[in-house]
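In: Please work out how this folds:
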Amino acid sequence: MSTAVFWVARSLRVPGLGLLVLPAPPAPAWLAAPPLHAALRLLLRRPGYPPLALPATIEEVAPEGQPPTRALLLDADPAGELGQGAQLALVEVVPDDLL
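Out: I've put the predicted structure just below:
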């Protein structure tokens with residue numbers, strides 16, 4: 001499994017915010033580099049669908065009894081929750097001065 005690709009372990013709809021996507025281990029190195037809430041441009045790839053460009057931010061979640069982990073909050077609707085086999089690739093980190 002490539003560490004440059006964010007493989008989806010699980011996704012959850014967060015009403016009013018978007019789709020929170022948790023990585024399958026190992027998480028890609030690029031997920032740890034930008035600060036929390038950094039804006040990203042991503043490319044979603046999943047079986048049976050064409051690639052889809054999506055905006056996202058980096059967030060941190062702490063499931064009960066587990067250490068905090070970084071996740072992605074997609075600011076778009078990719079037609080439902082994402083299952084295993086879906087992957088997200090980093091296109092770019094959006095500079096703060098462009099927001």
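In: Identify the bridge partners of the most centrally placed residue in the chain.
Out: Central residue of the chain (Cα atoms, centre = their mean): Leu72, 3.1 Å from the mean position. Bridge pairing for Leu72 (DSSP bridges) gives the partners Val21, Ile58.
In: Span of stretch 58-68 from start to end?
Out: Start-to-end span of stretch 58-68 (Cα to Cα, to the nearest Å) is 13 Å.
In: the strands in the chain, which residues?
Out: 6-14, 18-23, 39-45, 52-61, 69-74, 87-93 (DSSP state E).
In: Check which helices and strands the first one is in contact with.
Out: So the one you mean is strand 6-14. strand 18-23, strand 87-93 (3 or more Cβ pairs under 8 Å, 6 or more residues apart in numbering; DSSP states H and E). No exception for glycine: its C-beta is placed from N, CA and C like everyone else's.
In: so what strands line up beside it?
Out: Take DSSP bridges as the rule and strand 6-14 pairs in its sheet with strand 18-23 (antiparallel), strand 87-93 (antiparallel).
In: what does the longest one contact?
Out: By Cβ atoms under 8 Å, 6 or more residues apart in numbering, the surrounding residues in contact with strand 87-93 are 4-8, 21, 28, 30, 33-34, 38-46, 53-54, 56, 72.
In: In ChimeraX, select just the buried ones from those.
Out: To isolate the buried members of the contacts of strand 87-93 in ChimeraX, using 16 or more other Cβ atoms under 10 Å:
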select :5,6,7,8,21,28,30,34,38,39,40,42,44,46,54,56,72
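In: Which residues are in contact with Arg70?
Out: Contacts of Arg70 (Cβ under 8 Å, 6+ apart): Pro23, Ala27, Leu31, Ala32, Leu36, Ile58, Glu59, Glu60.
In: Check what pLDDT it gets.
Out: Per-residue confidence at Arg70 stands at 96 (pLDDT).
In: Leu42 and Pro51 touch, don't they?
Out: No - the pair Leu42 and Pro51 does not pass the contact test of Cβ atoms under 8 Å, sitting 10.2 Å apart.
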